[in-house]
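**Q** Have a look; sequence and predicted model below, questions after that.
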Amino acid sequence: MAGSQPTGALDDLRVVDLTRTFWGAMAGTLLGDFGADVVRLDSPDGSSREFPDDIERPALGDNDCMGALVHRNRRSVAVDISNDEGRALARELSATADVFLTDLALDELERCGLDENSLREMREDIVYLRGSAFGPEGPDKNEPPLDELAAARTGMMPILPEPGQPPVYPGHGQMYTSVMLALGAVTALLHRRATGEGQAVDASLLGGNMYGASLDLQAFLAIGGQRFCEPVSRLDAGNPMSGTKYPTNDGLWVTLTMPETDRWWPALSGLVGLDSDDPRFATHDLRCGDNRLLLMELLDGAFQLESAAHWRERFNELQMSADVIESYEFPAADAQASDNRYIIELEDGQRSLGFPVWMQDTPAAMHREAPAVGEHTDELLLALAGMDEARLERLRKAGVVSGGER
């Protein structure tokens, strides 16, 4: 178990992190935020942090904003697992962990001697946590973990755009997978506490993307039908007053969430200058049935007469279930987001995503900022692997380890 001072609900948990994707590493971040001692196995040249699934992020360096998020609350040891001594060292460190987290391919893990069976020989009760592309079984179990390809198989991408537009890649499935990996780890640890048994846990990008499409996919499985497989125009919604979007005169959009139209119709009709007694919209069935398209056309024209700020002010005055669809500028400046620590400020004044889970007594916290590659190499090898100074120096000269020199 970890030897660091108590910091959170998971402060007695150690995780060894051998991941090479952003979403895979984020599973360790979620555990580290609650106090787990996460030890990252980095490559000495730093290439382990060049996530192949995130090619547009800023380069490593002073402004490694993505690294600041995904590598926080970790310690880093730089070890070259391309040679025998490095692989042996990685196994030694992994055997000190409660959870071994990886997203490497099964055949690569076997070549490195870091497959489940090899680690279980060294620590029988270890939780072997692996993020994969399409799951641990089946013909595609060895495919590379690329979220775009997993998302492409879920059926969601064709229904996101307006009809006639190209499919849209949502990008969220990988983050669902991160959460599922963390959930799988904690669940397996609870099982181990009761039985003393470790086990393998897998969460895949395919599974994460499919659960991201739960509302539509579950309905398709139950009912079937082409209507779940094709995009729907925003002007072809079933309810003009719920889940619909209308443009304003300054390029923004408003969205309405008023499924009980009888309740909201008097206020909405007055707000947009329609007659609340108009017989064409006198009942819910008329608003959502025969005159649905007419109502949407009228609302579409009415909301374009004013700015988004105007509509927000009026929504708030009338306490209506509606709002403006914002860009990222909104949560970045939103007091609600900062008050709940969804966005936090780092010691250098930079802002970062914070913690999506709130706990009263053992909250998530920023225990340490993202370390440099190999920043804790000496500390970890001497304390965890039981290495003596002579062996450490020899490995350093041989290029097997780097960084962390005291």
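**A** That came in fine, so what should we check first?
**Q** Contact partners for Thr154?
**A** Counting by C-beta atoms under 8 Å, 6 or more residues apart in numbering, Thr154 touches 173, 206, 209-210, 212-213, 217. Any C-beta I mention is one placed from the backbone N, CA and C, and that applies to glycine too.
**Q** try it again with 7 Å
**A** Going by C-beta atoms under 7 Å, 6 or more residues apart in numbering, Thr154 touches 209-210, 213.
**Q** who wins for most neighbours among those?
**A** Ranked by neighbour count (other C-beta atoms under 10 Å), the contacts of Thr154 have Asn209 at the top, with 27 neighbours.
**Q** Pretty sure it sits in a helix.
**A** Yes. Assessed with DSSP: H, G, I helix; E, B strand; the rest coil, Asn209 lies in a helix.
**Q** Tell me how many other residues surround the closest residue to it other than its chain neighbours.
**A** Excluding the flanking residues, the one nearest Asn209 by C-beta to C-beta, 6 or more residues apart in numbering is Gly173, at 3.2 Å. Neighbour count for Gly173, taken as other C-beta under 10 Å: 25.
**Q** same check, this time on Leu149
**A** Residues near Leu149, counting by other C-beta under 10 Å: 16.
**Q** what does the model give it for pLDDT?
**A** Among the per-residue scores, Leu149 shows a pLDDT of 96.
**Q** What strand or helix carries it?
**A** Per DSSP states H and E: Leu149 is located in helix 147-152.
**Q** Equivalent analysis for Val15, please.
**A** strand 14-18.
**Q** just checking, what packs against that strand?
**A** Judged by 3 or more C-beta pairs under 7 Å, 6 or more residues apart in numbering; DSSP states H and E, strand 14-18 is in contact with helix 22-33, strand 37-42, strand 99-102.
**Q** re the thing from before, which of the contacts of Thr154 lies closest to Ser76?
**A** Using C-beta to C-beta, Asn209 comes nearest to Ser76 of those, at 30.0 Å.
**Q** my read: that closest one touches Glu148, true?
**A** No. With contact defined as C-beta atoms under 7 Å, Asn209 does not count as touching Glu148 (10.0 Å).
**Q** unless I'm mixing things up, Val201 is touching Gly184, no?
**A** Yes. Contact criterion C-beta under 7 Å: Val201 and Gly184 qualify, at 4.0 Å.
**Q** Can you name the residues that contact Glu345?
**A** Neighbouring residues of Glu345 by C-beta under 7 Å, 6+ apart: Arg351.
**Q** in the sheet, who's paired with it?
**A** Arg351 (DSSP bridges).
**Q** how close does it sit to Leu353?
**A** Distance of Glu345 to Leu353, computed by C-beta to C-beta, to the nearest Å: 12 Å.
**Q** Check Glu379 too.
**A** Glu379 is 27 Å from Leu353, by C-beta to C-beta.
**Q** mind listing the helices for the stretch 51-200 of the chain?
**A** Counting by DSSP state H, counting those that start in this stretch, the segments of the stretch 51-200 of the chain that form helices are 65-70, 84-94, 106-111, 116-122, 147-152, 173-195.
**Q** Tally up the residues packed near the spatially closest residue to Ser48 that is not a sequence neighbour, please.
**A** Among residues not flanking Ser48 along the chain, Asp42 sits closest, at 4.7 Å (C-beta to C-beta, 6+ apart). Using other C-beta under 10 Å, the number of residues around Asp42 comes to 26.
**Q** isn't Asp42 right up against Ala78?
**A** Yes. Using C-beta under 7 Å, Asp42 is in contact with Ala78, at 4.9 Å.
**Q** Now for those two: what residues contact both?
**A** Counting by C-beta under 7 Å, 6+ apart, the residues touching both Asp42 and Ala78 are 373-374.
**Q** what's the residue of the chain most remote from its centre in contact with, if anything?
**A** Residue farthest from the centre of the chain, counting by C-alpha atoms, centre = their mean, is Pro279 at 47.8 Å. Taking C-beta under 7 Å, 6+ apart as the criterion, Pro279 is in contact with no other residue.
**Q** how does it look with 10 Å?
**A** Residues in contact with Pro279 (C-beta atoms under 10 Å, 6 or more residues apart in numbering) are 286, 291.
**Q** separation between it and Met258?
**A** According to C-beta to C-beta, Pro279 stands 20 Å off from Met258.
**Q** Taking the centroid of this protein, which residue is nearest it?
**A** Centroid-nearest residue in the chain, with C-alpha atoms, centre = their mean: Met175, separated by 2.2 Å.
**Q** so who does it touch?
**A** Met175 touches 22-23, 26, 147, 208, 212, 356, counting by C-beta under 10 Å, 6+ apart.
**Q** gap between it and Val127?
**A** To Val127, Met175 is 21 Å away according to C-beta to C-beta.
**Q** who's in contact with Val254?
**A** Listed by C-beta under 10 Å, 6+ apart, the contact set of Val254 reads 244-248, 299, 303, 306, 308, 311-312, 315, 322-325.
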